[in-house]
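> structure of the sequence below:
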Amino acid sequence: NDDDSLEDSAICWSDLIHAVSQTQTIKEHANGVVVEDGDCTDREVLAAVVAALHNLLASMEMRDSLLEITSEMKRIEKLKQHTRKISEEEVDKDCEWLNESEKPIDALFDAASSPALVNALLRSTLPASTIIKMLQPAPTSTTRPKCVPPKVDNAPVEDPSDSATEWISFVLERLVSRGLVLRVLHSAGGQGVSTTPEQVVLISCIRQAVDDYQLSLPPPTDSGEFDMRRLSVTVKSSNEKSPHPLWGRGDGLRTAVPVLHSLANEAEKMRLRALTLQTSCGGVLPTEEYEGELNCTNHILHDIRDILAQCLGKSTSQAYNDQCILAEARSVLGRDTSLIANCCEDLARIVDVSLTKNSGKSARELKLSSHEQETAISTVRLIGNLVYQCQHNQDLLRSTVVLPMADLDAGNSTKDANVLVRTGLHVLLSATSLGIACFTLREWCIVAIRNAVENNEANIEMVQRLEANEALGDTPELQKLGVRVDLDDKGNVRVQKRE
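Numbers count the residues shown, from 1 in each chain. As a prediction, this is how the structure comes out:
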């Protein structure tokens, strides 16, 4: 309602959603109040309210499009009717036929810019009963455990979502697909630099939408792009081609580069925040804004990198313009952001820590945590898609210096004589050593290396010049065989008997 006299009595959509949602009763339920069947009823009411909001946004978006088409047709008709040569500015001034009530209103932009509405939607994504179950600690029992029969492969998987969750996802996807992901992300954020749980929910929804969209595309004929996705993701079947979740309802692929660039910048900010929370000052770690902030920051950073990797790895079609847009996006991200350098540093940290932690163990005993595997896979996939058919990024990968984590933590630099200088290409090659602990990571490394050296003689020459610089640790297998492995001054491997 635009009338100032009715502003106080007007009901906002955010207030209406908050009134029918269960977010305000989570604390009461967690303190011992039993969840009644009213939870399901309230969720059905919430689904109806959000569905009405979605249909309103869709109709207003269609109205704005029709008004723009009508205005353009009127302008062209005026040009045809005038016999004298006039400028388009005069025609536009002569075509002021729209009154104030008929002018296009960008309702999606207003909705994406409303922190109250965006946060009300994100906080109501899951039912209160589901959130309460997540908050409850796992039951502990001192009695003898009972035998639990194995689950059948075709047994239905419990889905915590409901109709309200689905409609909220539709609204969020409609807002983001207009190229408004950065505005929605900022609306879901707080006043400081910390990542909010609402932003984590938003990016998770966007990642799921990108997952479904990418899996619905036809496979490419012959490409070095990453197109293998997780088999556990369910793709919604549709006969019509759905718009891209990040820019499909905006200006098309012209919006793709700014959207991807803004996401890359947000990832850099969140990475700096995560490093700040992990860096101790005088032996004391910085205080989190809320409990679990570091986990939320790492989670959203991983999701954004996965989104970037997917969007850069597969085109919406095989059209020439689409491929050019993706090539431009790779070039812009390589030139205007530090995405490649930071990815190489994060990957090097995982490689160094894993090899140090597993020193002295056999190759089969090499282990990586689930977080390390997910981070390494998404990072390698993003590097591979950034360097795909982009010589600038290929050269950047070769020239980016990545210090070993021990030297980096000690404050050493490349000027020190005892510091081993390596590049991003070396780190990518070293990541293949973790392939025994994670087969998927090895596959991504192989494709990324192929993309890095494709049609790049300098990178090929660097790989060919590589020599072994460290012998394998004294593993139990070598001890049993009674041999040890050493390197001579030229990097040649020597196997000698133990004395």
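> pretty sure residue 456 sits against residue 393.
No. In this structure residue 456 lies outside contact range of residue 393 using CB atoms under 8 Å: 10.0 Å. Any C-beta I mention is one placed from the backbone N, CA and C, and that applies to glycine too.
> neighbour-wise, which of these two wins?
More neighbours surround residue 393 than the other of residue 456 and residue 393, with 23 against 19 (other CB atoms under 10 Å).
> quick check: that one vs residue 107, distance?
39 Å (CB to CB, to the nearest Å).
> can you pull the contacts of residue 461?
Listed by CB atoms under 8 Å, 6 or more residues apart in numbering, residue 461 has no contact partners.
> strands along this protein, start to end?
Here the chain has its strands, by DSSP state E, at 483-487, 493-497.
> neighbours of the closest residue to residue 167 other than its chain neighbours, how many?
Excluding the flanking residues, the one nearest residue 167 by CB to CB, 6 or more residues apart in numbering is residue 50, at 4.1 Å. Neighbours of residue 50 under the rule other CB under 10 Å: 27.
> can you check residue 166 too?
12.
> report the contact partners of it.
Residue 166 is in contact with residue 47, counting by CB under 8 Å, 6+ apart.
> from residue 122, how far off is it?
Taking CB to CB, one finds residue 166 at 15 Å from residue 122.
> return the set of buried residues in stretch 364-382.
366, 368, 372-382 (16 or more other CB atoms under 10 Å).
> quick one: contacts of that stretch?
By CB under 8 Å, 6+ apart, stretch 364-382 touches 226, 298, 302, 305-306, 308-309, 312-313, 339, 343, 346-347, 350, 354, 358, 428, 431, 434, 436-438, 440-441, 444-445, 448.
> redo that, cut-off 6 Å
226, 302, 305-306, 308-309, 343, 346-347, 350, 354, 358, 436-438, 440-441, 444-445, 448 (CB atoms under 6 Å, 6 or more residues apart in numbering).
> the residue nearest to residue 167 touches residue 169, doesn't it?
No. Counting by CB atoms under 6 Å, residue 50 stays clear of residue 169, with 9.5 Å between them.
> let's see which of the contacts of stretch 364-382 end up in helices.
Mapping the contacts of stretch 364-382 onto helices (DSSP state H) picks out 302, 305-306, 308-309, 343, 346-347, 350, 354, 440-441, 444-445, 448.
> closest to residue 61 among the residues you listed?
residue 308 (26.6 Å; CB to CB).
> list the contacts for that closest one?
residue 382.
> could you do residue 342 as well?
Counting by CB under 6 Å, 6+ apart, residue 342 has contacts residue 271.
> again, 8 Å this time
Contact partners of residue 342, counting by CB under 8 Å, 6+ apart, are 268, 271.
> from residue 383, how far out is it?
10 Å.
> does residue 432 touch residue 445 like I think?
Yes. Look at residue 432 against residue 445 with CB under 8 Å: they come within range, at 4.6 Å.
> which one's more surrounded, the two?
residue 445 (26 against 17).
> the more buried one contacts residue 425, doesn't it?
No. Taking contacts as CB under 8 Å, residue 445 lies outside contact range of residue 425: 11.7 Å.
> give me the low-pLDDT residue ranges for the stretch 301-450 of the chain?
314-322, 360-363, 406-420 (pLDDT under 70).
> swap the cut-off to 90 and go again
Residue ranges of the stretch 301-450 of the chain with pLDDT under 90: 313-327, 351-375, 401-422, 430-442.
> closest to residue 482 out of the buried residues of stretch 364-382?
residue 366 (23.2 Å).
> residues near the closest residue to the closest one other than its chain neighbours, how many?
Counting by CB to CB, 6+ apart, residue 437 is the residue found nearest to residue 366 once chain neighbours are left out, at 4.5 Å. When neighbours are counted by other CB under 10 Å, residue 437 registers 20.
> just flag the most distant two among the ones in helices among the contacts of stretch 364-382.
308 and 354 (23.9 Å).
> so residue 330 touches residue 388, yeah?
Yes. Using CB under 8 Å, residue 330 makes contact with residue 388 at a distance of 6.9 Å.
> of the two, which one has the most company?
The neighbour comparison of residue 330 against residue 388 (other CB under 10 Å) goes to residue 388, with 24 against 21.
> now that one: how far from residue 451?
5 Å.
> and what of residue 331?
For residue 331, the distance to residue 451 - CB to CB - is 14 Å.
> now do residue 112
Residue 112 is 35 Å from residue 451, by CB to CB.
> ok, and the closest non-adjacent residue to residue 293?
Nearest residue to residue 293 in three dimensions, chain neighbours excluded: residue 194, at 5.5 Å (CB to CB, 6+ apart).
> still on that earlier bit, shared neighbours, residue 330 and residue 388?
residue 312.
> next, the residue nearest to residue 366: phi, psi?
phi -80, psi -20 (degrees, to the nearest 10).
> all helices for the stretch 151-300 of the chain, in order.
163-175, 181-187, 197-216, 256-278, 293-313 (DSSP state H, counting those that start in this stretch).
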